[in-house]
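S.K.: compute the structure for the input listed below.
(4 chains)
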Amino acid sequence: MIEAVRIQQEDFSQDAEIAALKVGSQRIGGIATFLGCARDFSEGREVLQISFEAYGSMALAEMNKLRSEAMAKFGLLDARIVHRVTTVRAGDNIVFIAAAAEHRAAAFDACRWMIDELKLRVPIWKKELTPEGDSWVTPHP
Amino acid sequence: MIEAVRIQQEDFSQDAEIAALKVGSQRIGGIATFLGCARDFSEGREVLQISFEAYGSMALAEMNKLRSEAMAKFGLLDARIVHRVTTVRAGDNIVFIAAAAEHRAAAFDACRWMIDELKLRVPIWKKELTPEGDSWVTPHP
Amino acid sequence: MIRVLFFGPVAERVQAREMQLEFTQGMTLHDVIVRLGMQHPGAFSIVSFIAVNQNQIHDKKMALHDNDEIALMAKFSGG
Amino acid sequence: MIRVLFFGPVAERVQAREMQLEFTQGMTLHDVIVRLGMQHPGAFSIVSFIAVNQNQIHDKKMALHDNDEIALMAKFSGG
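M.R.: This next block holds a predicted model:
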C-alpha cells in the first residue's frame, strides 16, 4: 500500500493514486484532483528545467498535517498529496493532490484548499533553469 | 489519439487522459480533474448498481459544446469529458472531466463549471438498483 | 414521418423508445405532444426538456418538418 | 551542539547546507541569527520562515536547547 502523503524523486501514476483512494470507501461520489506540471515558459522567460529542493522531514510533516486538516475541515473520505523533488522538464509532473468526498462540492473545495496551503506552508523551493541562467522562484505575495 | 469528448461503455484511465491532454501544449501549469464514482448508498438507501441511459447523439453534441464553451470562457489550453453509459457498481467510474490551464485557478473553475453544466445540460439519465427495487434518479432543483 | 424518441423514465412510462407519426403540413410540436398525451395519459408529466433534431426547444408552437426527430425528456441525471 | 540548516536560495547565499554552533546555556534563536548574520552579511535578508525542530517559530526570543535543529528559510515556492 503506497503512502497517502509522499515526497519522491520518481514520477507517479494518477491511476495508482485513485485506486489507492478508492480502497478505503465505497461511499465516494466524487474525487477532485490537481496535477501541477512544469511549464516551458514563466514570467516571460523560456524555462528549460525546474529543479526542486525540500526540507524533507519538515515538508513531509507539514503535508501530513495539511491532509489531516483538509479531511476534518471538509469532511473528506480520503485525500492524497504527492510532491516530486527532483529536476523536471516542461510537461513533467510536479505535484498531485486528490480529495475524495461523498459529494463533489467538498472534493473541489478541499483539493483547491490543499494546493493553496501547500504553496504557503510546505518548505519546498524551486529554481528555474533558463537560457539566461538559473534563478530561485520568488512567489508572489 | 483518443477523442477529447466521449460516451462509452468501458472504463477509462486517468493516466491515458492526462497524457492525451499534455500532448497539445507544454505551457500547461495545472490540470484539475473531476472523477465521478458510483456510491453504495444514496438518499438513505443501499445502492447495488447504477444503470445509465443516454440520448447518445445529442449528449455527445452537448458535451462537445460544453468543452468548447469552457475552453473559451476560462482560457483553457485543453479539456476532456468522458461519460460512461453502462451499468456500474459501487466504486466504479462514471464520469471524468479534466481542465488544463496555464494556472490553477482557471483549471479549477473550468472543471467545476463543466461538471455542474454537464448535469444540467447533457441528456443522460441514471437508475439506481436497490434491494427495495429500481428507481430513476430525480435531480434536486 | 416524424420520429419521437423516449429515454429513461419517460420510456419506462410510455413503454416504448420510439414512435413514428405521419407528418402533415402545418403540424406543430404542440400537436404532437397533445396527440401522444391522449394515447398515454399522465406519461409526459415528467417531461422537462424537449428537443427537435437534438436542439432544445422552448416554443411548442414551432412548426415541424418532415423527418424531424423529437425527444420528450425527463430532467437529466447524468454525471 | 546546535545544527542550523539552509535550503535553496538561502543555502546558495551562505554557500553551505548546514552549520554547527556550540550550545551555551541561555542561548536564544535571536543570538544564533545575529551571530550567523555577522559571519554572512546580507545572506539572511530573504529569510521569511524560521523553524526549530521542524516547527515554525515566530518568537525569536525563544530559548534553545542542546541538539536543537534550526532552519532559516526563504519563502516557499513548491507546488
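S.K.: switch to C-alpha atoms for all contacts and neighbour counts from now on
M.R.: OK.
S.K.: the helices in the chain, which residues?
M.R.: Let's take chain A. Using DSSP state H, the helices of chain A run over A:14-23, A:56-74, A:104-121.
S.K.: meant chain C, my bad for not saying
M.R.: With DSSP H as the criterion, chain C has helices at C:8-14, C:29-39.
S.K.: for those, give me a markdown table that also has distance to chain B, mean neighbour count and mean pLDDT.
M.R.: Formatted as a markdown table, the helices of chain C follow (distance: least, CA to the nearest CA, whole Å; neighbours: other CA atoms under 10 Å in any protein chain shown; pLDDT from 0 to 100):
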| stretch | distance to chain B | mean neighbour count | mean pLDDT |
| --- | --- | --- | --- |
| helix C:8-14 | 6 | 20 | 97 |
| helix C:29-39 | 18 | 14 | 95 |
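S.K.: chain A is nearest to which of those?
M.R.: Closest to chain A of the helices of chain C, according to CA to the nearest CA: helix C:8-14, at 21.6 Å.
S.K.: helices or strands up against the closest one?
M.R.: On a contact count with 3 or more CA pairs under 8 Å, 6 or more residues apart in numbering or on different chains; DSSP states H and E, helix C:8-14 meets strand B:124-130, strand C:69-74.
S.K.: who touches it?
M.R.: Residues from elsewhere that reach helix C:8-14, judged by CA atoms under 8 Å, 6 or more residues apart in numbering or on different chains: B:53-54, B:125-127, B:136, C:6, C:17, C:40, C:43-44, C:46-47, C:72-74.
S.K.: ok and the residue in chain C nearest chain D?
M.R.: Residue of chain C nearest chain D, by CA to the nearest CA: C:Gly79 (29.6 Å).
S.K.: which residue, other than its chain neighbours, is closest to residue 24?
M.R.: In the absence of a named chain, this looks at chain A. Closest residue in space to A:Gly24, ignoring its immediate chain neighbours: A:Asp78 at 7.5 Å, by CA to CA, 6 or more residues apart in numbering or on different chains.
S.K.: actually, chain C is the one I wanted.
M.R.: C:Asp66 (7.9 Å).
S.K.: count the residues that sit near the one you found.
M.R.: Residues lying near C:Asp66 (other CA atoms under 10 Å in any protein chain shown) number 13.
S.K.: ok, now C:Gly26?
M.R.: Residues lying near C:Gly26 (other CA under 10 Å) number 10.
S.K.: what is the neighbour count of the spatially closest residue to it that is not a sequence neighbour?
M.R.: Nearest non-adjacent residue to C:Gly26, counting by CA to CA, 6+ apart: C:Ala63, 6.2 Å away. By the criterion of other CA under 10 Å, C:Ala63 has 13 neighbours.
S.K.: check which residues of stretch A:101-114 are buried.
M.R.: A:Ala101, A:Glu102, A:His103, A:Arg104, A:Ala106, A:Ala107, A:Phe108, A:Asp109, A:Ala110, A:Cys111, A:Arg112, A:Met114 (16 or more other CA atoms under 10 Å in any protein chain shown).
S.K.: got any ranges where chain A has weak pLDDT?
M.R.: Within chain A, the ranges that satisfy pLDDT under 70 run A:1, A:141.
S.K.: quick one: contacts for C:Ser77?
M.R.: Applying CA under 8 Å, 6+ apart, the residues near C:Ser77 are B:Lys119, B:Leu120, B:Pro123, B:Ile124, B:Trp125, B:Lys126, B:Val137, B:Thr138, B:Pro139.
S.K.: ignore what I typed, I meant C:Ser48.
M.R.: Residues counted as contacts of C:Ser48 (CA under 8 Å, 6+ apart) are C:Leu72, C:Met73, C:Ala74, C:Lys75.
S.K.: in a markdown table: the residues you listed, plus distance to B:Thr86.
M.R.: A markdown table is the format used below for the contacts of C:Ser48 (distance: CA to CA, whole Å):
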| residue | distance to B:Thr86 |
| --- | --- |
| C:Leu72 | 22 |
| C:Met73 | 19 |
| C:Ala74 | 19 |
| C:Lys75 | 19 |
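S.K.: can you put those residues in TSV and add distance to chain B?
M.R.: Converted to TSV, those look like this (distance: CA to the nearest CA, whole Å):
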residue	distance to chain B
C:Leu72	11
C:Met73	8
C:Ala74	8
C:Lys75	7
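S.K.: so how far is C:Val14 from A:Ala110?
M.R.: Look at A:Ala110 and C:Val14: by CA to CA, to the nearest Å, they are 43 Å apart.
S.K.: C:Ala74 bridge partners, please.
M.R.: Beta-bridge pairing of C:Ala74 under DSSP bridges involves C:Val47.
S.K.: thought it was touching C:Ile46?
M.R.: Yes: counting by CA atoms under 8 Å, C:Ile46 is a contact partner of C:Ala74 at 5.4 Å.
S.K.: those two: who's more crowded?
M.R.: Between C:Ala74 and C:Ile46, counted using other CA under 10 Å, C:Ala74 has the larger neighbour count: 24 against 15.
S.K.: looking at it, A:Ser51 is touching A:Asp134, isn't it?
M.R.: No: the pair formed by A:Ser51 and A:Asp134 falls short of the contact definition of CA under 8 Å, at 9.7 Å.
S.K.: and residue 41, how many neighbours?
M.R.: No chain was given, so I picked chain A. Neighbour count for A:Phe41, taken as other CA under 10 Å: 18.
S.K.: was after chain C, sorry
M.R.: C:Pro41: 12 neighbours (other CA under 10 Å).
S.K.: looking at it now. What's its pLDDT?
M.R.: Note on C:Pro41: pLDDT of 93.
S.K.: contacts only, for it.
M.R.: No contacts exist for C:Pro41 under CA under 8 Å, 6+ apart.
S.K.: centroid residue for chain A?
M.R.: For chain A, A:Val95 is the residue whose C-alpha lies nearest the centre (CA atoms, centre = their mean; 3.2 Å).
S.K.: contacting residues for A:Arg121?
M.R.: A:Glu62, D:Phe76.
S.K.: ok, it to A:Trp113 distance?
M.R.: For A:Arg121, the distance to A:Trp113 equals 12 Å [CA to CA].
S.K.: give me the distance between the residue nearest to A:Ala106 when sequence neighbours are not counted and chain C.
M.R.: Distances taken as CA to CA, 6+ apart place A:Phe74 nearest to A:Ala106, at 5.7 Å, with adjacent residues excluded. Between A:Phe74 and chain C the computed distance is 21 Å (CA to the nearest CA, to the nearest Å).
S.K.: which parts of stretch C:68-79 are buried?
M.R.: C:Glu69, C:Ile70, C:Ala71, C:Leu72, C:Met73, C:Ala74, C:Lys75, C:Phe76, C:Ser77, C:Gly78, C:Gly79.
S.K.: many thanks, we can stop here.
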